[in-house]
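1. Provided below are the primary sequence and the corresponding predicted coordinates.
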2 protein chains.
Amino acid sequence: MDNSLITNQVIVQIGLVVHDIEATSQAYAKIFGIEKPKWFLTDPMEQTQCEYKGNPSEARAKLAFLNFGQVQVELIEPDGHSSTWRDHLDAHGEGVHHIAFMVENMGERVKLFEQRGISLVQKGEYTGGRYAYLDTSNELKVILELLEKDKK
Amino acid sequence: MDNSLITNQVIVQIGLVVHDIEATSQAYAKIFGIEKPKWFLTDPMEQTQCEYKGNPSEARAKLAFLNFGQVQVELIEPDGHSSTWRDHLDAHGEGVHHIAFMVENMGERVKLFEQRGISLVQKGEYTGGRYAYLDTSNELKVILELLEKDKK
């Protein structure tokens, strides 16, 4: 095994938490001369199996995506329930929340991080895959998100 | 002309302001299993012609770069002089300061932004090119950096 906790070292996404996803989507569309992306609401807890700090969480968010080459910008407007998105927005205001990398074998990857003292903050399922946020704020000054696609 | 203020819509860099570039570089090296990048100090004002909020600025910073596919992570440890880096660090703490795009005709690009009410925050020269930070914090929830390479 190599020394890296992330095998595929390509940043695929930058996630920002915002107060008003409509307004921020509109601003991106205007500055970049592109169509305003449509936001959608994440699935309810029964489907996402969302866990925040080890407990089931009802937190949901409006999400919108914009493509900038290899990297996707994800806009996130969290609801009022406790989540890494909500906490980050309340603590730091609007701005970048995470950078994301693609992984395989999510469970193993998360364990490797935990073995090095970096804890899982939040995880969940979505149609086609799953995500995990790792608390690398102290080390990397940004949260890491791992994304795994379902095998077809 | 197209509607976009940015022609080449590829994110090439994510910049983070940090308190201790050695410690953060070491953390990135450990987590990603890569060699710790060496930081260097930006050039003095006589060379950079740095301007912050329209005035000449003596601000300098230690910089370190890490490559993650198309995207470079730039770690920035600002000195005590007033700069967008220092102000962001003081106001928001450590974390992502900007995302960057490559442009041509920097002067014209900056004017286009200013015509749309987005002001130039800081600019400067470095060996091989120049940069400009635009105050898109309100609109995009992150500062935009434009980078231009000298023509060879």
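-> Ah, there it is.
2. what's the top helix by length along chain A packed up against?
-> Using DSSP state H to assign secondary structure, the helix with the most residues in chain A is helix A:21-32. Packing contacts for helix A:21-32, counted by 3 or more Cβ pairs under 8 Å, 6 or more residues apart in numbering or on different chains; DSSP states H and E, involve strand A:61-68, strand A:71-78, helix B:137-140. Any C-beta I mention is one placed from the backbone N, CA and C, and that applies to glycine too.
3. in its sheet, which strands sit next to the strand or helix carrying residue A:121, and in what direction?
-> Per DSSP states H and E: residue A:121 is located in strand A:120-126. Neighbouring strands of strand A:120-126 in its sheet, by DSSP bridges, are strand A:51-52 (antiparallel), strand A:129-134 (antiparallel).
4. immediately after the first one, which helix or strand?
-> Using DSSP H and E, the helix or strand that directly follows strand A:51-52 along the chain is strand A:55-56.
5. show me which residues of chain A are close to chain B?
-> Applying Cβ under 8 Å from any Cβ of the partner chain, one finds that chain A approaches chain B through A:2-6, A:9-11, A:14, A:16, A:18, A:24, A:27-28, A:30-34, A:68-71, A:73, A:92-96, A:99, A:116, A:118, A:136, A:139-142, A:144.
6. ranking the helices and strands packed on helix A:21-32 by burial, who's on top?
-> Greatest average neighbour count among those goes to strand A:71-78 (a mean of 23), per mean count of other Cβ atoms under 10 Å in any protein chain shown.
7. what helices or strands is that strand leaning on?
-> The contact analysis (3+ Cβ pairs under 8 Å, 6+ apart) places strand A:71-78 against strand A:13-17, helix A:21-32, strand A:61-68, helix A:84-92.
8. including mean pLDDT, could the ones you listed go into JSON lines?
-> Output for the helices and strands packed on strand A:71-78, formatted as JSON lines (pLDDT from 0 to 100):
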{"stretch": "strand A:13-17", "mean pLDDT": "98"}
{"stretch": "helix A:21-32", "mean pLDDT": "97"}
{"stretch": "strand A:61-68", "mean pLDDT": "97"}
{"stretch": "helix A:84-92", "mean pLDDT": "95"}
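9. nearest to residue A:43, out of the ones you listed?
-> Closest to residue A:43 of the helices and strands packed on strand A:71-78 is strand A:61-68 (Cβ to Cβ; 10.6 Å).
10. quick one, the closest one and strand A:71-78 angle?
-> Orientation check (axes from the mean of the first three to the mean of the last three Cα atoms, to 10 degrees): strand A:61-68 against strand A:71-78 gives 160 degrees.
11. give the partner strands of strand A:61-68 in its sheet and their orientations.
-> strand A:40-41 (antiparallel), strand A:71-78 (antiparallel).
12. export the last one as CSV, just CAs?
-> Listed in CSV are the C-alpha atoms of strand A:71-78, where the atom choice follows Å, rounded to 0.1, in the frame of the first residue of the first chain:
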residue,chain,number,x,y,z
VAL,A,71,-13.6,20.6,-10.9
GLN,A,72,-17.2,21.0,-9.9
VAL,A,73,-18.4,23.8,-7.7
GLU,A,74,-21.1,22.6,-5.3
LEU,A,75,-23.3,25.2,-3.7
ILE,A,76,-25.0,24.0,-0.5
GLU,A,77,-27.8,25.7,1.4
PRO,A,78,-28.3,23.7,4.5
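13. so what's the gap between that strand and the chain middle?
-> 8 Å (Cα atoms, centre = their mean, to the nearest Å).
14. circling back to that earlier point, want to throw the strands paired with strand A:61-68 into TSV with mean pLDDT and distance to residue B:38?
-> Output for the strands paired with strand A:61-68, formatted as TSV (pLDDT from 0 to 100; distance: least, Cβ to Cβ, whole Å):
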stretch	mean pLDDT	distance to residue B:38
strand A:40-41	97	44
strand A:71-78	97	26
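15. fine, thanks again, bye for now.
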